[in-house]
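**Q** sequence plus the predicted model coming up.
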Amino acid sequence: MEELDNKYYLKLNVIIEPLIDFWYAWSHLISPATAAMNIKKRHLRIMDSYIKNSKTHSMAVKNPKMLGGPFMDYQNERVEEITKLYDDTLQKRKHLLDLDEALRELNQILQDEMKGFSLNRMYDKVPEILKGYVELYYDLNNNVNYRLIEPLLYQSKYYDESCQSIALQLIDADDSRSFVLSTPRLPEDHVIHLKIPFKSEVIDKLFRMKKIPGSYESIKNLLNIPAEKEEHFKQFFTTEKPSEFKAYDGPGVRTRYFGHACVLVETKKISILVDPVISYDGYETDVNRYTINDLPEEIDYVLITHNHQDHILLETLLQLRHRIKTIIVPSSSKGNLQDPDLKLMFKKIGFNQVVELHELESIEMENCTITGLPFLGEHADLDVRSKLCYHFSLHNGIRLLFAADSCNIEPKIYEKVKEVVGEVDVLFLGMECEGAPLSWLYGPLMYEKLDRDKDLSRRLAGSDYNQGMAFIDIFNPKDVFVYAMGMEPWLVFISSIKYTDESKAIVESNKLLEECIARGIGAERLFGEKTIEYL
C-alpha cells in the first residue's frame with residue numbers, strides 16, 4: 001500500500017506564501033528591529049485606515065495610479081477580520097511595539113543630548129529594553145548614532161518563530177494576487193494556512209515532490225492538514241510526472257533568463273542562479289517563461305545582489321532550499337538599522353550554507369571565478385552596504401557582469417573597477433530608472449517624515465540612459481541585456497509596476513538599445529524567457 005502511495009507529485013502551480021502575522025514575509029519582517037518598525041509604521045497604520053474607511057481602500061486599488069500604495073485589496077467587507085488582526089497585533093506583538101518605541105526614544109535622546117562629548121555616560125540613559133543590544137558611536141563628523149548587535153536580537157524574545165506560518169494554494173493566473181506590502185493574507189477557502197516556521201524541513205519535503213514523487217499520506221500527516229481542508233489539499237497533487245530537466249553539456253556557458261533579475265548560469269561543471277524569482281507552470285498564459293521545472297536538481301550557488309523584496313523572494317527561495325548548496329550574499333554594515341544582516345537572516349530560516357562576499361572579493365569555483373563589485377545607488381542614498389554587482393570570469397574566457405539595479409551615479413568608480421577586472425563580454429543592466437521614493441520601502445524606519453520634495457528626489461532606481469551608456473563605455477561589452485525591469489505580469493504582486501510606452505524606464509531603455517545597435521553591440525530588453533549560449 002505504501003509503495004502505491006509513493007507516486008504523487010506536487011503540482012507545478014502550487015505556491016507557498018511565507019507569512020508573519022498573516023502579512024507576506026520579506027527580509028525586513030524577519031530581522032527583529034526592522035520587523036518592529038514595519039509593524040508599527042506600516043501594518044498598524046494600514047489596518048487602522050482600512051478599519052476606519054474600507055471603501056476608500058476598495059476604490060483606491062481599482063485605480064492604476066494607486067498601484068503599490070498603502071491600500072488593502074479586499075473588495076468584500078473584511079473589517080471585522082482586520083479589526084481582530086489589529087487587536088491581536090497590539091496584544092501579541094507588544095514586545096516588538098515596545099522595541100520600536102525604544103529605538104525611537106534612543107535616537108531622540110542621542111540627537112538632543114550628545115554634541116561631541118564622550119558617550120560613556122549615555123549607556124545609563126539607553127532605554128532599559130535596549131540595554132545590551134546597542135553600541136553608541138560618533139562618525140568622524142561627530143554625528144551621534146547607534147548600531148544594533150543583531151545576533152543578540154535574534155537570540156532574544158524579539159525574534160519569535162510563533163508568528164511565522166505558510167499559506168499554500170494553487171495559482172491559476174499571473175495577476176491573481178494582491179500587492180504584498182499592503183494586503184495581509186486573510187483566510188480564504190482556496191488557501192491552506194499552516195503554523196509552520198520557515199526553517200522547518202517539512203517545507204523541503206513538500207517541494208521536493210515537485211520533481212520526486214512521494215507519499216501523499218506521509219506529507220499530509222507531516223503538515224498536519226486539518227480534516228476540513230483535506231479534500232482541497234488533495235487537489236495539490238498529481239500522478240503525472242513533470243518533464244525532465246536537461247542540464248547544459250556544452251563546452252561554453254548557457255544563461256537562461258527567468259524573468260526580472262533572475263538568471264541561471266550553467267557550464268558543464270556548475271550551476272549558478274542569480275536573484276531567484278521564479279514564476280509558475282500549469283495554467284494558460286500569454287507570456288512564455290521558464291519555471292521551477294527548468295532548474296537543475298542541484299543548484300551549486302545562489303547569488304543575491306541586494307536586499308529588496310523583488311531580489312530576495314522568500315516564496316521562491318523556500319521552494320528551492322532543498323536544491324541549493326550555497327547562498328552568496330553581500331556583507332552588510334553590521335548593525336545599521338536600515339541594513340539588516342542577510343547571512344543571519346538566511347541562517348535563521350533554515351539555509352545552512354551562507355557565504356558573505358565583500359567588494360572586490362572573489363570566490364573560486366570549478367571553471368569559474370565570481371567577484372563582487374561595487375553596487376551604487378538605488379537605495380535612496382541610505383547607508384546600505386548589503387549590495388553587490390557580480391562579475392563572472394569563466395574558464396573559456398567569457399566574462400559576464402550582472403549590474404542589477406546599480407544606477408552608476410559615479411562612473412569613476414567603475415573605471416577603477418575595470419582596471420581590476422577588465423572588459424566584459426556580456427552586461428546585464430537594470431534600467432528601472434524611475435523607481436519608488438524612499439518612503440515607499442524605508443519609510444517605517446525613518447525617525448522623522450521626510451519632506452515630500454526630498455522624498456521624491458531619493459528614489460529606488462536603476463540606471464537611466466546616460467548612466468547605462470557610461471557602463472557600456474567603460475566595460476565595452478559585446479552584448480547588453482536590459483533586465484530587472486519588473487515587466488513580467490507575474491511580478492506585479494511584489495513590484496506593483498505596470499509600464500506604458502511613455503514610462504521613463506521604457507523610453508530610456510529604448511534609447512539605450514538603439515544606441516547600442518547603432519554601435520554594433522548586440523542589445524535586447526529581456527522579457528519572459530531567453531536562452532543565450534556562449535562558446
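**A** Thanks, I have the structure now.

**Q** pLDDT weak spots in this protein?
**A** Within the chain, the set of residues satisfying pLDDT under 70 comprises 1-4.

**Q** is residue 9 in contact with residue 219, as I believe?
**A** No. If you go by C-beta atoms under 8 Å, residue 9 and residue 219 don't touch, sitting 11.1 Å apart. In this view, the C-beta of every residue, glycine as well, is placed from N, C-alpha and C.

**Q** overlap in contacts, the two.
**A** Common contacts of residue 9 and residue 219 (C-beta atoms under 8 Å, 6 or more residues apart in numbering): residue 209.

**Q** so what's residue 236 up against?
**A** 10, 11, 14, 168, 170 are the contacts of residue 236 under C-beta under 8 Å, 6+ apart.

**Q** what do you get for residue 300?
**A** 270, 271, 272, 325, 326, 365.

**Q** where does it fall, secondary structure wise?
**A** strand 299-303 (DSSP states H and E).

**Q** who does that strand pair up with?
**A** strand 271-274 (parallel), strand 324-330 (parallel) (DSSP bridges).

**Q** what's the closest of those strands to residue 475?
**A** Closest approach to residue 475 among these (C-beta to C-beta): strand 271-274, 17.4 Å.

**Q** and the gap between the residue nearest to residue 350 when sequence neighbours are not counted and residue 351?
**A** Nearest residue to residue 350, sequence neighbours excluded (C-beta to C-beta, 6 or more residues apart in numbering): residue 199, at 3.5 Å. Applying C-beta to C-beta, to the nearest Å, the value for residue 199 to residue 351 is 9 Å.

**Q** neighbour-wise, which of those two wins?
**A** The residue with more neighbours, out of residue 199 and residue 351, is residue 351; 20 against 17, by other C-beta atoms under 10 Å.

**Q** for residue 304, see how far away that one is.
**A** 11 Å.

**Q** what do you get for residue 39?
**A** 24 Å.

**Q** who's the closest residue to residue 417 other than its chain neighbours bridged to?
**A** Closest residue in space to residue 417, ignoring its immediate chain neighbours: residue 373 at 5.5 Å, by C-beta to C-beta, 6+ apart. In this structure, residue 373 bridges to residue 389 when assessed by DSSP bridges.

**Q** just to revisit the earlier point, which one of the contacts of residue 236 is nearest residue 259?
**A** residue 14 (18.7 Å).

**Q** identify the residues contacting that closest one.
**A** The neighbourhood of residue 14, defined by C-beta under 8 Å, 6+ apart, consists of 168, 169, 170, 171, 210, 236.

**Q** mind checking which of those are in strands?
**A** Counting by DSSP state E, the contacts of residue 14 place 168, 169, 170 in strands.

**Q** can you get me a residue count around the first one?
**A** Residue 168 sits with 22 neighbouring residues when counted by other C-beta under 10 Å.

**Q** ok, it touching residue 16?
**A** Yes. Shown here, residue 168 and residue 16 form a contact pair, counting by C-beta under 8 Å, at 5.9 Å.

**Q** need the helices for the stretch 251-400 of the chain, in chain order.
**A** 314-320, 342-348 (DSSP state H, counting those that start in this stretch).

**Q** who touches the last one?
**A** Which is helix 342-348. Residues contacting helix 342-348 (C-beta under 8 Å, 6+ apart): 27, 30-31, 150-151, 154, 159, 199, 304, 307, 312, 327, 329-332, 354-356, 386.

**Q** apply 7 Å and report the result again.
**A** Here helix 342-348 makes contact (C-beta atoms under 7 Å, 6 or more residues apart in numbering) with 27, 30-31, 150-151, 154, 199, 304, 307, 327, 329-330, 332, 354, 356, 386.

**Q** now, of those residues, which are buried?
**A** 27, 30-31, 150, 154, 199, 304, 307, 327, 329-330, 332, 354, 356, 386 (16 or more other C-beta atoms under 10 Å).

**Q** out of those residues, which are inside strands?
**A** 327, 329, 330, 354, 356.

**Q** quick one, what contacts the first one?
**A** What it means is residue 327. Contacts of residue 327 (C-beta under 7 Å, 6+ apart): 302, 304, 346, 351, 353, 354.

**Q** apply 10 Å and report the result again.
**A** 273, 276, 299, 301-304, 312, 317, 321, 342-343, 346-347, 351-356 (C-beta atoms under 10 Å, 6 or more residues apart in numbering).

**Q** now do the helices in the stretch 401-535 of the chain.
**A** With DSSP H, counting those that start in this stretch as the criterion, the stretch 401-535 of the chain has helices spanning 411-421, 438-442, 452-457, 465-475, 492-495, 504-518.

**Q** for the stretch 51-200 of the chain, which segments count as helices?
**A** 54-60, 79-92, 94-113, 150-154.

**Q** from the middle of its chain, how far away would the first one be?
**A** To tie it back to what came earlier, the one meant is helix 54-60. Centroid displacement of helix 54-60 relative to its chain, using C-alpha atoms, centre = their mean, to the nearest Å, is 28 Å.

**Q** buried ones in that helix?
**A** In helix 54-60, counting by 16+ other C-beta under 10 Å, buried: 54, 57, 58, 60.

**Q** what do you get for stretch 211-219?
**A** 211, 213, 214, 215, 216, 219.

**Q** and what of stretch 337-350?
**A** 337-350.

**Q** in the stretch 151-300 of the chain, which spans are strands?
**A** 164-170, 192-194, 214-215, 237-238, 253-259, 262-266, 271-274, 299-303 (DSSP state E, counting those that start in this stretch).

**Q** next, count neighbours for residue 239.
**A** 9.

**Q** measure the closest residue to it other than its chain neighbours to residue 170 for me?
**A** Take residue 239 and drop its neighbours on the chain: the residue closest to it by C-beta to C-beta, 6+ apart is residue 7, 5.5 Å away. The gap separating residue 7 from residue 170 is 20 Å, by C-beta to C-beta.

**Q** then residue 276?
**A** 21 Å.

**Q** do the same with residue 511
**A** Applying C-beta to C-beta, the value for residue 511 to residue 170 is 42 Å.

**Q** returning to what we had before: any residues in contact with both of residue 351 and residue 304?
**A** With C-beta under 10 Å, 6+ apart, residue 351 and residue 304 have common neighbours 317, 327, 329.

**Q** for the residue nearest to residue 46 when sequence neighbours are not counted, which residues are in contact?
**A** Computed as C-beta to C-beta, 6+ apart, the closest residue to residue 46 that is not its neighbour in sequence is residue 70, at 5.1 Å. Taking C-beta under 10 Å, 6+ apart, we find residue 70 in contact with 42, 45-46, 49-50, 57, 60, 179, 181-183, 440, 443.
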